[in-house]
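K.L.:
heads up, no residue letters with this:
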């Protein structure tokens, strides 16, 4: 099966998963064109100046997939299949049914290139010539230490994201901001912990709270364990105590549940949310890089509004690898390079022919 | 001089009188409400917290301060009369909780009488923790020193810099075995684990009547072993059965202690120390057998805050609770955990 056929089959199977965003065959082929310089370089030699080049994908990729959301795991698998690799997918012990559903939408020839297991079979590390690991930093370090020198290794440690509202006087983007928080119940690495807002950030927080309340009515948060609920409760209490003591803090929250929380905090620093639809709003600092300096290695995505190049420049050096309009944070395009390096080109080996 | 002091002294006498095994519900109720009224008057950060929360009609309704408030505010009824402060553990960059005492007399008495209430065996105490002078801000070292002071010839085996003198402890155990004199070993679970590892294959069979009191977790050590495994190590290395091992549950922010013995039994405190298991979703007490967070009421916390919402989870077992501790997933979830660690390292 050539690359073009694989792209078509992958595109068809991806239609079951709207959260992957637009995933047409044309987009996947354009991705190859973008990263490899040709959509057919995986099938045969292509001319490049005075030489011919051909790209070979890994024979087998071991994907270690974390349990936060199915999006990252599915994207990784789709990239592996697009490269023509066999894919060994270690999913969390709690399972990730989306991968098996996706495999079910593939023709037999492609489906046979996907193995899924909640355990890590003993021979998978040996069989793989590339490792892609998602997880806490300790998990990434664990596999990095065990990778062979000849194995390609791509690690995705834990990441966090934020939004920056440079101007939104009519609050036209508040619903979009709420969407970024509530999709996947804030469990994804692209989920914002905080929105930094220019102007009256406290008023913006109040409007965001209204929107969070509306979202909860039409699309309630999924169930959470007592431990997660307790972390939300605990953070709310801490903020309420500070507010009672005159600190520049305010909390808007669902009553009788931990379903959603918006917390305004007027002090500097990057606040870590307990997630599960709990978002901070803070005044936009003069220097975003300084404000986020202590979390720089963990920053992934900045949602901004208005989405102009000028505003992007203010957050580009924070450590993120993606800047997008607020409201689009959860739908990364296929051309995005999550680790800041080409996602496909990092996995292929080139053969150059001089004639 | 703090204007709260005369009332503090009056209430201190009442609380001291109440630290007894037969303290009844009505007396606890009245005293708890009195202590709360006193604290809501004089403890400024707490009184601001209480302002919007109405007047409690029973001890169960007393507004609890979040445990985290001890990290940000000086929670004291007489901040200018603080004589002793205990700190929570943590890295140097992490904001630490501070529990301030007008006088530790009440705290010491709560420790002593709680131990008496527990009816722990009488034995010479070997403390696998620093002496209080070596760890002046540790509430645990203080508590263990109070217990040690009630035992003849108690010894401490951890230096100020945290090093365990395993050789001296081995000698003390050998002497006890030789003299057939029961001993009580007191320390953190981590300290015991370190000791067992130093012992390697060496085994003791401590004289009958010996016991161990283990407390705390493995905070900051990156280690955690299940309680049955730890207790099995006590059996192998010291010859102690699970029933000979007491677990203490306390925290810097409270003055009294909860205890349980062996495996599979819930924690319980003396009558002046109560706990409710609260649903984090609803804010109400959970039903029997359900899980929630612990809200603790300690009469001996006279100088700070009587009622505290902890971050620890537990299962309600009647008036007692089965401790689950601070579940790792209660930390900032998902992607943020590593970042949390990174930030602490700044």
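P.N.:
Nice, I can see it. These numbers were taken from a predicted model, which means no experiment stands behind them.
K.L.:
is the closest residue to residue B:43 other than its chain neighbours in a helix, a strand, or coil?
P.N.:
Among residues not flanking residue B:43 along the chain, residue B:77 sits closest, at 4.9 Å (CB to CB, 6 or more residues apart in numbering or on different chains). C-beta here means a position set from N, CA and C on the backbone, and glycine is covered the same way. Assigned state for residue B:77: coil (three-state reduction, DSSP: H, G, I helix; E, B strand; the rest coil).
K.L.:
what helix or strand does the residue lying closest to residue A:271 once chain neighbours are set aside sit in?
P.N.:
The shortest distance from residue A:271 to any non-neighbouring residue, by CB to CB, 6+ apart, is to residue A:280 (4.4 Å). When elements are assigned from DSSP states H and E, residue A:280 belongs to strand A:278-283.
K.L.:
what pairs with that strand, parallel or antiparallel?
P.N.:
strand A:192-197 (parallel), strand A:261-265 (parallel) (DSSP bridges).
K.L.:
how about these in TSV, adding mean neighbour count?
P.N.:
Output for those, formatted as TSV (neighbours: other CB atoms under 10 Å in any protein chain shown):
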stretch	mean neighbour count
strand A:192-197	25
strand A:261-265	25
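K.L.:
and residue B:203, which of those is closest to it?
P.N.:
Proximity to residue B:203 (CB to CB) singles out strand A:192-197 among those, at 51.2 Å.
K.L.:
next SSE after the closest one?
P.N.:
That would be, after strand A:192-197 and using DSSP H and E, helix A:201-218.
K.L.:
what's that following helix in contact with?
P.N.:
A:165, A:168, A:171, A:174-175, A:177-179, A:181-182, A:195, A:197, A:250, A:252-254, A:259-264, A:266, A:277, A:279, A:281-284 (CB atoms under 8 Å, 6 or more residues apart in numbering or on different chains).
K.L.:
now list the buried members of those residues.
P.N.:
For those, a burial check counting by 16 or more other CB atoms under 10 Å in any protein chain shown picks out A:165, A:168, A:171, A:174-175, A:177-179, A:181-182, A:195, A:197, A:250, A:252-254, A:259-264, A:277, A:279, A:281-284.
K.L.:
please enumerate the helices of chain B.
P.N.:
Ranges of helices in chain B, per DSSP state H, are B:5-18, B:25-42, B:44-51, B:69-72, B:105-118, B:139-149, B:166-179, B:189-199, B:227-238, B:336-344.
K.L.:
check chain A too.
P.N.:
Using DSSP H, the helices of chain A run over A:3-14, A:25-36, A:70-82, A:97-104, A:108-111, A:124-127, A:137-146, A:174-182, A:201-218, A:226-244, A:288-291, A:309-316.
K.L.:
chain B contacts on the stretch 101-250 of chain A?
P.N.:
Contact residues, the stretch 101-250 of chain A versus chain B (CB under 8 Å from any CB of the partner chain): A:136-138, A:157-160, A:187-189, A:191, A:193, A:225-234, A:237-238, A:240-242, A:244-246.
K.L.:
give me the buried entries from the residues you listed.
P.N.:
Using 16+ other CB under 10 Å, the buried ones in those are A:136-137, A:157-160, A:187-189, A:191, A:193, A:225-234, A:237-238, A:240-242, A:244-245.
K.L.:
sorry, back to before: quick one, which of the helices of chain A gets closest to residue B:175.
P.N.:
Nearest of the helices of chain A to residue B:175, taken as CB to CB: helix A:137-146 at 43.3 Å.
K.L.:
which of the residues in that closest one are buried?
P.N.:
For helix A:137-146, a neighbour-count test (16+ other CB under 10 Å) marks A:137, A:139-140, A:143 as buried.
K.L.:
which of those residues lies closest to residue A:339?
P.N.:
Nearest to residue A:339 among these: residue A:140, at 10.9 Å, using CB to CB.
K.L.:
can you tell me how far the closest one is from residue A:90?
P.N.:
Look at residue A:140 and residue A:90: by CB to CB, to the nearest Å, they are 13 Å apart.
K.L.:
and the stretch 51-200 of chain B, which of its residues are near chain A?
P.N.:
Going by CB under 8 Å from any CB, the residues of the stretch 51-200 of chain B near chain A are B:51-52, B:65-66, B:68-69, B:72-73.
K.L.:
do that again at 10 Å, thanks
P.N.:
B:51-53, B:64-69, B:71-73 (CB under 10 Å from any CB of the partner chain).
K.L.:
which one of these is nearest to residue B:313?
P.N.:
Once CB to CB is applied, the member of these that ends up nearest residue B:313 is residue B:67, at 12.9 Å.
K.L.:
can you verify my assumption that that closest one contacts residue B:73?
P.N.:
No - using CB atoms under 10 Å, residue B:67 makes no contact with residue B:73, being 11.9 Å away.
K.L.:
pull up the overlap in contacts between these two.
P.N.:
By the contact definition CB atoms under 10 Å, 6 or more residues apart in numbering or on different chains, residue B:67 and residue B:73 are jointly contacted by residue B:305.
K.L.:
and the two? Which one has more around it.
P.N.:
Using other CB atoms under 10 Å in any protein chain shown, the more surrounded residue of residue B:67 and residue B:73 is residue B:67, with 25 against 21.
K.L.:
skipping adjacent residues, who's closest to the more buried one in space?
P.N.:
Once chain neighbours are set aside, the closest to residue B:67 by CB to CB, 6+ apart is residue B:310, at 5.1 Å.
K.L.:
and residue A:312, by the same measure?
P.N.:
Here the residue nearest residue A:312, using CB to CB, 6+ apart, is residue A:323, at 4.7 Å.
K.L.:
can you give me the neighbour number for that neighbour?
P.N.:
There are 20 residues near residue A:323, going by other CB under 10 Å.
K.L.:
now do residue A:147
P.N.:
By other CB under 10 Å, 17 other residues sit near residue A:147.
K.L.:
contacting residues around the residue lying closest to residue A:327 once chain neighbours are set aside?
P.N.:
Spatial nearest neighbour of residue A:327, chain neighbours left out: residue A:176 (2.6 Å); criterion: CB to CB, 6+ apart. Contacts for residue A:176 (CB under 10 Å, 6+ apart) come out as A:163, A:168, A:211, A:303, A:305, A:325-329.
K.L.:
before we move on, the earlier item: and the buried residues of helix A:137-146 as a markdown table, adding pLDDT?
P.N.:
Formatted as a markdown table, the buried residues of helix A:137-146 follow (pLDDT from 0 to 100):
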| residue | pLDDT |
| --- | --- |
| A:137 | 84 |
| A:139 | 88 |
| A:140 | 91 |
| A:143 | 94 |
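K.L.:
residue B:303 contacts residue B:82, doesn't it?
P.N.:
Yes - between residue B:303 and residue B:82 there is a contact under CB under 10 Å: 8.1 Å.
K.L.:
show me which of those two is the more surrounded one.
P.N.:
Neighbours per residue (other CB under 10 Å) separate residue B:303 from residue B:82, with residue B:303 holding more: 32 against 19.
K.L.:
run a quick check on residue A:318 versus residue A:285, I expect a contact.
P.N.:
No - between residue A:318 and residue A:285 there is no contact under CB under 10 Å: 11.0 Å.
K.L.:
what is the burial count for residue B:99?
P.N.:
Residue B:99 has 25 neighbouring residues, counting by other CB under 10 Å.
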